[in-house]
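S.K.: what follows is a predicted structure for the sequence shown.
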Amino acid sequence: MKTVNINELIPGMILKDAIFNELNSIELLSSNTILTVRHIDLLKNAGISEVSICTENNQKDNFEEIRKEIEESINVKEVLTNIVNQNMKINILTGEGNKPIDEKHEKVINETKEVFNSLMISDDLDFKSIEKNVKEMLPDMIRNNDVLMRLSQLKRSDDYTFEHSLRVSILAANLAKWLGYNDAQIQEVAEAGLLFDIGKMKLPQYILKKGGKITSEELSILEKHTQLGYNILLKTKGVSSAIKYAALQHHERMDGSGYPLRLKSGQIHEYAKIVMICDIFDAMTSKKPYGKGVSKIEAAEYLNWNTDSSFDTKMVYILIHKISEYMLGKKVILNTGEAGKIVYVDVNYPTKPTLQVGSEIIDLRFEKDIKIIKIIEL
Ligand SMILES: [Fe+2]
């Protein structure tokens, strides 16, 4: 047991003794209470100057409860208002509706899903329908730079392959736009993003939905989807070579460590380089049937570590730059139990932004012991 000044209390510490009010008539907090931000505020308001804390296991390993409390204490209403205002601005600027893409284009998306599903029983890909549907959605896919927010708005279901392809298509079209591609190229990249994993429609569903470890035999079957997709596209009239290469080469890596052909940077098509980055980014950040994703800045840092060896440096830099912009103003929860707001992101250190915590400014690049454990994205 030790006595701790009220200003040095950290959420997660455990109270040794119960705390009573001045007259000792009301128990404010019982013994063994795991302190949260709210409890500490309550003690401060009650004029308590110091408390006894358990010294063993005084930090709760599982921060879930504390995190929940902190999230509740953050002014969610204020964040929601900001998002609403942001969207209203989009409406005013573009005159377009603010519905999520999958709600606004429900019919077109269901039609595209049907095109995907038909490949489970046949090799005939209705590319005309893909072209038409991408064209219809494209203005909404690339309007403004709020793509990361709009990706989070898309509904999730069991149909991971299709939904992942849709998200990759949207992200890839935006990356193409940020790279300065013209309209026809952006449309082509959006089609490449939609069709890159189409070979998976030919694989046994149990392998795609299997969580945890897969056997080496299952892995070799899984890896065949690049060749299977390429074969379907090869047989389909009207599909450009760039789209075919995106399907065949999106698992190649810059240093030749990928598959199926172990190609190196200069041998990999530009569209395949775009799609592979968007594929990894979405796979890391999305909830899968067998697990949950990591935050956008953790995915950004992974891509950053692996430029040159795996991914195109310029493309990753542009994506991280956009993620950094998107993260500005987001609320975060720290391993100390405190809540803060991102005020600056160095593109070279996306997971170590500068934060405002209360009245303090904390630069995580120089604070080894402080980490973000949750970003509240809504
Ligand atoms: Fe793939």
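M.R.: All right, it came through fine.
S.K.: tell me which residues in stretch 336-350 are buried?
M.R.: By neighbour count on 16 or more other Cβ atoms under 10 Å, the buried set for stretch 336-350 is 336-342, 345, 347, 349-350. Where you see a C-beta, it was placed from the backbone N, CA and C, and this is true even at glycine.
S.K.: dump those into TSV; add secondary structure as well.
M.R.: Formatted as TSV, the buried residues of stretch 336-350 follow (DSSP: H, G, I helix; E, B strand; the rest coil):
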residue	secondary structure
336	coil
337	coil
338	coil
339	strand
340	strand
341	strand
342	strand
345	coil
347	coil
349	coil
350	coil
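S.K.: now, which of these sits nearest residue 361?
M.R.: residue 340 (9.5 Å; Cβ to Cβ).
S.K.: distance-wise, check the closest one relative to residue 362.
M.R.: When distances are taken as Cβ to Cβ, to the nearest Å, residue 340 and residue 362 turn out to be 7 Å apart.
S.K.: please identify every residue contacting each of these two.
M.R.: 355-356 (Cβ atoms under 8 Å, 6 or more residues apart in numbering).
S.K.: picking up where we left off before, nearest to residue 250, of the buried residues of stretch 336-350?
M.R.: residue 350 (23.1 Å).
S.K.: check which helix or strand the closest residue to residue 262 other than its chain neighbours maps to.
M.R.: With sequence-adjacent residues excluded and distances taken as Cβ to Cβ, 6 or more residues apart in numbering, residue 262 is closest to residue 256, at 4.9 Å. Using DSSP states H and E, residue 256 falls within no helix or strand.
S.K.: show me where the stretch 1-150 of the chain has its strands.
M.R.: Assigned by DSSP state E, counting those that start in this stretch, the strands in the stretch 1-150 of the chain fall at 2-5, 19-20, 27-29, 50-53.
S.K.: okay, now the residue lying closest to residue 201 once chain neighbours are set aside: neighbour count?
M.R.: Nearest non-adjacent residue to residue 201, counting by Cβ to Cβ, 6+ apart: residue 119, 4.0 Å away. Residue 119 has 19 neighbouring residues, counting by other Cβ atoms under 10 Å.
S.K.: pLDDT score assigned to residue 119?
M.R.: Looking at residue 119, its pLDDT is 94.
S.K.: quick check, central residue of the protein?
M.R.: In the chain, the residue lying closest to the centroid (Cα atoms, centre = their mean) is residue 285, at 3.3 Å.
S.K.: that one reaches residue 300, doesn't it?
M.R.: No. Residue 285 lies out of contact with residue 300 (Cβ atoms under 8 Å); the separation is 9.4 Å.
S.K.: circling back: nearest to residue 139, of the strands of the stretch 1-150 of the chain?
M.R.: Judging those by Cβ to Cβ, what sits closest to residue 139 is strand 27-29, at 55.9 Å.
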